[in-house]
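J.: can't give you the sequence, but here's the structure:
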């Protein structure tokens with residue numbers, strides 16, 4: 001195994017002086033100290049001149065109080081700032097930049113993290129008593145350098161569908177001309193790259209039902225177990241914890257649309273399928289979520305039809321898995337606001353909010369009832 005920069009250790013080691021050094025290197029003017037926890041810099045995230053970019057010392061996060069209105073960590077800020085200067089950095093390059101400017105050279109060697117020697121057998125036996133099903137699996141990490149082969153340009157098709165350039169940049173959406181696919185990186189809650197899916201434009205793949213599939217590079221399929229993660233959690237964890245609610249979509253595109261609508265208040269994730277697994281349920285519990293909205297794609301045309309009834313019962317079964325732990329709602333289109341196959345986010349923010357306001361709460365006694 002190789003040695004890599006440890007992005008978490010580097011970020012946690014950053015002092016106020018380090019942050020100031022980075023921001024000035026990116027083009028900010030001298031900071032304004034509001035108090036011990038809030039320091040204001042020039043908005044280098046989008047090239048502004050005002051001191052409206054706040055650094056919160058305690059959380060080590062930035063928030064821009066001007067046009068973009070986004071929250072971000074130091075790595076995302078570096079990527080955005082360099083982009084305004086005509087330089088496109090990968091995440092790995094941003095980490096290297098921060099380490100180099102501050103001289104915080106922390107490394108991780110994967111070989112060194114695998115060896116533990118413990119002679120306390122009583123302690124080991126206690127560990128064995130922990131039920132394996134309670135543990136959220138650790139997914140394998142993919143090298144960040146793979147992202148360098150793709151073109152980090154906004155996708156016109158998704159721009160036309162309402163996703164902003166800023167949201168695509170935030171989620172590192174790019175294009176792979178060789179395979180004619182939109183590239184969608186998947187990260188876990190800690191920001192580790194765990195998989196890459198592609199949205200194909202090739203008609204033969206669409207005909208075979210392969211619209212969204214893991215990409216293959218040099219014979220390696222960059223897939224992960226979708227049911228062991230939630231897409232968008234990496235970017236939206238803070239908002240979900242703060243709000244205590246979550247809205248669950250089927251596909252990644254819905255999360256990007258919600259990012260365009262709500263920015264730092266985006267509390268959405270996607271399961272990238274049509275099921276909610278026990279592992280995903282445990283992830284929600286660890287986040288401290290109180291309310292869950294299931295916002296799956298519409299699978300009917302007439303809300304009073306047999307097709308709608310069958311689909312409604314399917315959603316009730318999904319809700320039943322969550323009811324013991326959360327207050328659960330279903331977004332149900334009874335007014336014809338959506339087309340068949342639409343996500344609740346597809347028709348814009350107003351329609352989504354109308355569906356959220358009319359959401360249906362599901363109780364345990366309703367599991368076998370019809371919508």
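T.: The structure has been received and is ready for your questions. Everything numeric here is computed off the predicted structure, so don't read it as measured data.

J.: next secondary structure element downstream of the helix or strand of the chain with the lowest mean pLDDT?
T.: Least confident helix or strand of the chain, by mean pLDDT, DSSP states H and E, is helix 121-128 with a mean of 42. On the C-terminal side of helix 121-128, the nearest following helix or strand under DSSP states H and E is helix 156-160.

J.: and the next helix or strand after that following helix, what other elements does it pack with?
T.: With elements assigned by DSSP H and E, the helix or strand that comes after helix 156-160 is helix 165-170. In terms of contacts (3 or more CB pairs under 8 Å, 6 or more residues apart in numbering; DSSP states H and E), helix 165-170 is packed against helix 74-84, helix 252-262. Using the backbone N, CA and C atoms, a C-beta is placed for each residue, glycine as well.

J.: can you tell me which of those helices has the worst average pLDDT?
T.: Between the helices and strands packed on helix 165-170, the lowest average pLDDT goes to helix 74-84, which shows a mean of 90.

J.: so how far is it off the chain centroid?
T.: Computed by CA atoms, centre = their mean, to the nearest Å, the chain-centroid distance of helix 74-84 equals 18 Å.

J.: which parts of it are buried?
T.: By neighbour count on 16 or more other CB atoms under 10 Å, the buried set for helix 74-84 is 74-83.

J.: residue 335: which of these is nearest?
T.: Using CB to CB, residue 76 comes nearest to residue 335 of the buried residues of helix 74-84, at 38.3 Å.

J.: for residue 26, see how far away that closest one is.
T.: As judged by CB to CB, to the nearest Å, residue 76 and residue 26 stand 12 Å apart.

J.: export the helices and strands packed on helix 165-170 as TSV, with columns for distance to residue 22.
T.: Formatted as TSV, these follow (distance: least, CB to CB, whole Å):
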stretch	distance to residue 22
helix 74-84	7
helix 252-262	25
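
J.: residue 172: which of the ones you listed is closest?
T.: Residue 172 sits nearest to helix 74-84 of all the helices and strands packed on helix 165-170, at 8.6 Å, using CB to CB.

J.: same for the closest one, what does it pack against?
T.: So helix 74-84, by 3+ CB pairs under 8 Å, 6+ apart, packs with helix 7-13, helix 16-25, helix 91-102, helix 165-170.
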